[in-house]
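> Predicted structure and sequence below. I'll ask about it afterward.
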Amino acid sequence: MILKTILSITLILGLCANQLSAQSKLETSGFRDLFKPVAEKSDYSVKIDPSNEFKLILTAGFAFYKTFVSSQDATKCTFYPSCSVYAVQTIQTNGLWGVLDAIDRLTRCNGISPEKYTIHQPSQLYYDPVRKIRH
């Protein structure tokens with residue numbers, strides 16, 4: 001009797017073992033490349049203009065932020081170019097008005113109004129280029 005019970009349990013478990021996996025191979029195949037290193041190279045180069053001390057200080061500050069602070073968080077900005085790159089470019093282009101433009105950009109760095117921006121195709125992010133500010 002005990003042998004018959006053990007054989008029955010073994011047979012039931014054997015038949016069910018194929019159905020016990022939580023995910024199929026098709027579902028898990030997308031995760032194979034998840035932990036492979038990605039050959040992503042971020043460009044943290046900044047063109048610093050030494051002729052204007054104000055631009056030099058602000059650009060150097062943003063370069064420090066991009067290199068040592070922002071790079072630790074991965075790419076999370078919703079825009080192309082990223083907010084830190086945009087800040088450097090707008091300060092170099094617009095001077096003091098560029099500081100205000102950079103602050104404005106930081107307040108818009110979210111996905112609340114996607115209809116106002118086009119998509120930058122290579123990065124699939126919202127495209128918001130630096131423009132010359134007329135005062």
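Yes, it's here. What you see is a predicted model, and the numbers here were worked out from it, not measured in a lab.

> quick one: buried residues of stretch 53-66?
Neighbour-count burial for stretch 53-66, counted by 16 or more other CB atoms under 10 Å, picks out 55, 58, 59, 62, 63, 66. Where C-beta positions appear, they are placed from N, C-alpha and C, glycine not excepted.

> Which of those fall within helices?
55, 58, 59, 62, 63 (DSSP state H).

> Turn those residues into JSON lines, columns for distance to residue 96 and pLDDT.
Below are these laid out as JSON lines (distance: CB to CB, whole Å; pLDDT from 0 to 100):
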{"residue": "55", "distance to residue 96": "9", "pLDDT": "74"}
{"residue": "58", "distance to residue 96": "9", "pLDDT": "75"}
{"residue": "59", "distance to residue 96": "13", "pLDDT": "75"}
{"residue": "62", "distance to residue 96": "15", "pLDDT": "74"}
{"residue": "63", "distance to residue 96": "19", "pLDDT": "76"}
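
> Name the nearest of those relative to residue 80.
Among those, residue 62 lies closest to residue 80 (CB to CB), at 16.9 Å.

> need the ones in helices among the buried residues of stretch 53-66 in CSV with distance to residue 113, can you?
Output for these, formatted as CSV (distance: CB to CB, whole Å):
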residue, distance to residue 113
55, 30
58, 27
59, 29
62, 25
63, 29
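
> returning to that earlier point: which of the buried residues of stretch 53-66 lies closest to residue 100?
Using CB to CB, the buried residues of stretch 53-66 come closest to residue 100 at residue 58, 12.0 Å.

> where's that closest one relative to residue 133, distance?
15 Å (CB to CB, to the nearest Å).

> same thing with residue 117?
On the measure of CB to CB, residue 117 and residue 133 end up 18 Å apart.
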